[in-house]
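Visitor: The sequence and its predicted three-dimensional model are supplied below.
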Amino acid sequence: MDGLITIEIKDNTFARQFETTVEEGLVSVEYSFQEKKIFLTKINVPESYENEEFICNFLKNIMEIAVERKFKVVPILPKIVVFFKKNPVYKELLPPGIRL
(Lines give C-alpha, C1' and ligand atoms only; values in the text may rest on other atoms or scores of the structure.)
Protein backbone atom coordinates (compact mmCIF):
# COMPACT_ATOMS: atom_id res chain seq x y z
CA MET A 1 0.00 0.00 0.00
CA ASP A 2 0.97 3.67 -0.17
CA GLY A 3 4.04 4.80 1.73
CA LEU A 4 4.53 1.57 3.65
CA ILE A 5 7.84 1.27 5.47
CA THR A 6 8.15 -2.30 6.69
CA ILE A 7 8.53 -2.66 10.44
CA GLU A 8 9.39 -5.93 12.16
CA ILE A 9 6.30 -6.77 14.18
CA LYS A 10 5.86 -9.60 16.66
CA ASP A 11 2.33 -10.92 17.15
CA ASN A 12 2.36 -11.67 20.88
CA THR A 13 -0.75 -13.86 21.03
CA PHE A 14 -0.32 -14.47 24.78
CA ALA A 15 -0.50 -10.73 25.55
CA ARG A 16 -2.88 -10.19 22.58
CA GLN A 17 -0.84 -7.39 21.08
CA PHE A 18 1.30 -6.52 18.10
CA GLU A 19 4.72 -5.36 19.29
CA THR A 20 7.81 -3.68 17.98
CA THR A 21 10.81 -2.17 19.72
CA VAL A 22 12.07 1.39 19.33
CA GLU A 23 15.05 3.02 21.02
CA GLU A 24 12.82 4.27 23.86
CA GLY A 25 11.24 0.84 24.50
CA LEU A 26 8.28 -1.29 23.43
CA VAL A 27 5.48 0.00 21.20
CA SER A 28 2.37 -2.17 21.06
CA VAL A 29 -1.20 -2.25 19.82
CA GLU A 30 -3.55 -4.39 21.90
CA TYR A 31 -6.24 -6.41 20.17
CA SER A 32 -8.99 -8.95 20.63
CA PHE A 33 -10.50 -11.36 18.10
CA GLN A 34 -14.06 -12.32 17.37
CA GLU A 35 -15.31 -14.15 14.25
CA LYS A 36 -12.57 -13.14 11.77
CA LYS A 37 -12.56 -9.59 13.12
CA ILE A 38 -9.69 -7.97 14.96
CA PHE A 39 -10.63 -5.23 17.42
CA LEU A 40 -7.78 -2.74 17.92
CA THR A 41 -8.29 -1.51 21.46
CA LYS A 42 -5.20 0.31 22.75
CA ILE A 43 -1.85 1.77 21.67
CA ASN A 44 0.98 1.60 24.21
CA VAL A 45 4.12 3.70 23.76
CA PRO A 46 7.04 4.56 26.05
CA GLU A 47 6.32 7.66 28.15
CA SER A 48 8.63 10.04 26.26
CA TYR A 49 7.81 8.66 22.80
CA GLU A 50 5.90 11.00 20.48
CA ASN A 51 6.73 9.87 16.94
CA GLU A 52 3.29 10.01 15.29
CA GLU A 53 4.75 9.13 11.88
CA PHE A 54 6.16 5.88 13.28
CA ILE A 55 2.83 5.03 14.97
CA CYS A 56 1.05 5.62 11.65
CA ASN A 57 3.55 3.34 9.89
CA PHE A 58 3.17 0.72 12.64
CA LEU A 59 -0.61 0.77 12.09
CA LYS A 60 -0.11 0.44 8.31
CA ASN A 61 1.98 -2.67 8.92
CA ILE A 62 -0.76 -4.08 11.17
CA MET A 63 -3.29 -3.42 8.37
CA GLU A 64 -1.09 -5.46 6.03
CA ILE A 65 -1.13 -8.33 8.55
CA ALA A 66 -4.94 -8.08 8.62
CA VAL A 67 -5.02 -8.26 4.80
CA GLU A 68 -2.73 -11.33 4.79
CA ARG A 69 -4.86 -13.10 7.40
CA LYS A 70 -8.15 -12.01 5.79
CA PHE A 71 -9.36 -10.23 8.94
CA LYS A 72 -11.73 -7.32 9.12
CA VAL A 73 -10.52 -4.53 11.42
CA VAL A 74 -12.69 -2.82 14.04
CA PRO A 75 -11.06 0.36 15.38
CA ILE A 76 -12.12 0.88 19.01
CA LEU A 77 -9.58 3.55 19.97
CA PRO A 78 -10.30 7.09 18.66
CA LYS A 79 -6.67 7.43 17.54
CA ILE A 80 -7.12 4.39 15.28
CA VAL A 81 -10.39 5.81 13.92
CA VAL A 82 -8.41 8.94 12.97
CA PHE A 83 -5.84 6.69 11.27
CA PHE A 84 -8.60 5.17 9.09
CA LYS A 85 -9.91 8.63 8.21
CA LYS A 86 -6.43 9.78 7.15
CA ASN A 87 -5.75 6.52 5.24
CA PRO A 88 -8.95 5.73 3.32
CA VAL A 89 -7.16 2.99 1.36
CA TYR A 90 -7.64 0.77 4.45
CA LYS A 91 -11.40 1.40 4.78
CA GLU A 92 -11.98 -1.83 2.82
CA LEU A 93 -10.80 -3.63 5.98
CA LEU A 94 -13.74 -2.32 7.99
CA PRO A 95 -16.59 -4.81 8.51
CA PRO A 96 -19.96 -4.05 6.88
CA GLY A 97 -21.95 -1.55 8.92
CA ILE A 98 -18.94 0.21 10.46
CA ARG A 99 -18.85 3.86 9.41
CA LEU A 100 -16.33 6.43 10.53
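Guide: Happy to help now that I have it. Since the structure is predicted, the reported quantities are computational estimates derived from the model, not experimental observations. Numbering: from 1, shown residues only.

Visitor: in the protein, which ranges drop under the pLDDT threshold?
Guide: Along the chain, segments meeting pLDDT under 70 span 1-4.

Visitor: max-length strand in it?
Guide: In the chain, taking DSSP state E as the definition, the longest strand is strand 25-34.

Visitor: Adjacent strands (with direction) for that one?
Guide: Using DSSP bridges, the strands paired with strand 25-34 are strand 17-22 (antiparallel), strand 37-44 (antiparallel).

Visitor: now those in JSON lines, with mean neighbour count and distance to Glu68?
Guide: All C-beta spots, glycine's among them, are computed from the backbone N, C-alpha and C. Listed next are the strands paired with strand 25-34 as JSON lines, based on neighbours: other CB atoms under 10 Å; distance: least, CB to CB, whole Å:
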{"stretch": "strand 17-22", "mean neighbour count": "17", "distance to Glu68": "13"}
{"stretch": "strand 37-44", "mean neighbour count": "18", "distance to Glu68": "12"}
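
Visitor: which SS class is the residue nearest the centre of the chain?
Guide: Residue closest to the average C-alpha location in the chain (CA atoms, centre = their mean): Leu59, at 3.6 Å. Classification of Leu59 using DSSP: H, G, I helix; E, B strand; the rest coil returns helix.

Visitor: does it really touch Ile80, like I thought?
Guide: Yes. At 6.8 Å, Leu59 counts as touching Ile80 under the criterion of CB atoms under 8 Å.

Visitor: shared neighbours of the two, anything?
Guide: Val29 (CB atoms under 8 Å, 6 or more residues apart in numbering).

Visitor: picking up where we left off before, pull out the buried residues from the longest strand of the chain.
Guide: Within strand 25-34, the residues that count as buried by 16 or more other CB atoms under 10 Å are Val27, Ser28, Val29, Glu30, Tyr31.

Visitor: Same list (the strands paired with strand 25-34) but as CSV, adding distance to Ala66.
Guide: Listed next are the strands paired with strand 25-34 as CSV, based on distance: least, CB to CB, whole Å:
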stretch, distance to Ala66
strand 17-22, 10
strand 37-44, 6
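
Visitor: Glu52: which of the ones you listed is closest?
Guide: Among the strands paired with strand 25-34, the nearest to Glu52 by CB to CB is strand 37-44 (10.8 Å).
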